[in-house]
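J.: can't give you the sequence, but here's the structure:
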């Protein structure tokens, strides 16, 4: 478009210059009015050229402005698209970090379950292995439910699995109580003697001796029962077990 306009301007100038000599020649032959008309024509051509050039330049500026606006709009769209991608990536990163945090939290919890846990058992600090507490509680629940045979088997299995457990003395004690509840007094005595023999420092020993004495009474062995009760009084003076032993001795006379 610009090339066409400039071609028209060039043609106009050519026509003007072609007419000019003729006009000048006519002026020489005729009068000054002819020269004035030629000057007017030149001025008009020059004015037209200036106007066309101005229009061309103005159109070029507008075209450039339009092109710049178009480029700016494209850039704005591209920036918006990139910002959207950044937002998506940021969200994905945050989610990935949260998943990683949850994973390590869960892993830590699982590892803790696999590690021994500190516990207070019969007034003493002990380490409890994974599954140890639940196995002991399950066996005790059977005893409380009246399943004495099942409880005895469960406590025996517990001791087999966790021979060094802080609950081992208690498990052995409940084996004796299970046999007593089943009226199997001889096995009850054997189980409680294992408590006294294998766990001499356990707080269950005085109760185990009292249980042995009860079994001996049931077996009509009062002499053995009195001997057992005397040992409780001698070994654990000032305790509730010793007081219970004295009360039972009084009933055996």
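T.: Received the coordinates, thanks. What you see is a predicted model, and the numbers here were worked out from it, not measured in a lab. Numbering: from 1, shown residues only.
J.: where does pLDDT dip in this structure?
T.: The model of the chain has pLDDT under 70 over residues 1-68, 71-72, 75, 78, 82, 107-114, 116.
J.: go again using 80 as the cut-off
T.: Counting by pLDDT under 80, the chain has low-confidence residues at 1-93, 103-104, 106-116, 118-119, 122-124, 253.
J.: now do the contacts for residue 246.
T.: For residue 246, the residues meeting the contact criterion (CB atoms under 8 Å, 6 or more residues apart in numbering) are 229, 233. To be clear about C-beta, it is placed using only N, CA and C from the backbone, and glycine gets the same treatment.
J.: for it, which three-state class applies?
T.: The local conformation at residue 246, judged by DSSP: H, G, I helix; E, B strand; the rest coil, is helix.
J.: next: residue 127.
T.: With three-state DSSP as the basis, the three-state label of residue 127 is strand.
J.: beta partners for it?
T.: Note on residue 127: beta-bridge partners residue 118, judged by DSSP bridges.
J.: residues near it, how many?
T.: Applying other CB atoms under 10 Å, we find 14 other residues in the vicinity of residue 127.
J.: do residue 199 as well
T.: The number of residues packed around residue 199, counting by other CB under 10 Å, is 17.
J.: what's the separation between it and residue 104?
T.: Counting by CB to CB, to the nearest Å, the separation of residue 199 from residue 104 is 41 Å.
J.: check residue 230 too.
T.: Counting by CB to CB, the gap from residue 230 to residue 104 is 61 Å.
J.: more neighbours, the two?
T.: When residue 230 and residue 104 are compared on other CB under 10 Å, the one with more neighbours turns out to be residue 230, at 14 against 10.
J.: the nearest residue to residue 183 once chain neighbours are set aside and residue 92, how far apart?
T.: In space, and not counting its chain neighbours, residue 183 is closest to residue 218: 7.7 Å by CB to CB, 6 or more residues apart in numbering. Applying CB to CB, the value for residue 218 to residue 92 is 74 Å.
J.: these two - which one has more neighbours?
T.: For residue 218 and residue 92, the more surrounded residue by other CB under 10 Å is residue 218, and the numbers stand at 15 against 10.
J.: thought that one was touching residue 185?
T.: Yes: in this structure, residue 218 sits in contact with residue 185. The criterion is CB atoms under 8 Å, and the distance is 5.0 Å.
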